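J.: fold the following and give me the result.
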Amino acid sequence: ITDALQWAGWIWRGSVVWDKMTSRPQKGRFRQQSEYVVWGSNGPMPVNRPVGCLPGVFRYANPQNRIHVTEKPLQLMRDLVKICVPGGRILDPFCGSGTTVLAARLEGYEAVGVEVTDAYYKLGSDRVRFALKSHAELDNAAE
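T.: Okay, the predicted model is just below:
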């Protein structure tokens with residue numbers, strides 16, 4: 001992924017760890033307890049932008065009722081997108097169930113998702129649309 005990111009003309013910025021805290025044990029093997037998040041930017045990221053120091057390890061359990069086999073926790077993705085300049089644009093080239101797009105929109109970013117599978121494109125699009133509509137209705141009810 002880091003090579004593909006750079007080949008596309010982006011700047012590879014590093015990686016962070018998602019500690020899933022639990023995982024399916026496999027006798028004679030290491031647990032699949034963590035995943036690595038590769039991140040980069042399509043241009044400069046000045047250190048004076050209004051973004052604090054974020055952790056390098058995030059600890060969240062896998063979602064209980066996943067609709068995609070590799071779905072990430074929504075709060076994990078909400079935390080990760082905060083590396084971007086406020087109001088910036090987030091790209092998820094492996095959109096799946098739309099968790100990153102949803103997290104980005106909830107945090108006030110623009111978001112672009114790419115999904116190769118028609119079924120997951122529809123599932124992710126519907127999920128994001130429904131969640132944002134529900135979120136807007138809650139905001140309106142609170143006012």
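
J.: so which helix or strand of this structure has the lowest pLDDT on average?
T.: Between all helices and strands in the chain, the lowest mean by mean pLDDT, DSSP states H and E belongs to helix 118-142, at a mean of 87.

J.: got the buried residues for it?
T.: Across helix 118-142, burial judged by 16 or more other C-beta atoms under 10 Å covers 120, 121, 123, 124, 125, 127, 128, 131. Glycine gets a C-beta too; all of them are placed from N, C-alpha and C.

J.: can I get those residues in a markdown table with distance to residue 108?
T.: Listed next are the buried residues of helix 118-142 as a markdown table, based on distance: C-beta to C-beta, whole Å:
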| residue | distance to residue 108 |
| --- | --- |
| 120 | 25 |
| 121 | 24 |
| 123 | 24 |
| 124 | 20 |
| 125 | 20 |
| 127 | 19 |
| 128 | 15 |
| 131 | 15 |
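
J.: give the contact list for residue 32.
T.: 20, 23, 24, 26 (C-beta atoms under 8 Å, 6 or more residues apart in numbering).

J.: in a strand, it, correct?
T.: No: applying DSSP: H, G, I helix; E, B strand; the rest coil, one finds residue 32 to be coil, outside a strand.

J.: mind checking how far residue 12 is from residue 127?
T.: 29 Å (C-beta to C-beta, to the nearest Å).

J.: ditto for residue 79
T.: 19 Å.

J.: rewinding a little: greatest separation within the contacts of residue 32: which pair is it?
T.: The largest separation in the contacts of residue 32, counting by C-beta to C-beta, is between 20 and 26 at 14.1 Å.

J.: host element of residue 36?
T.: strand 34-41 (DSSP states H and E).
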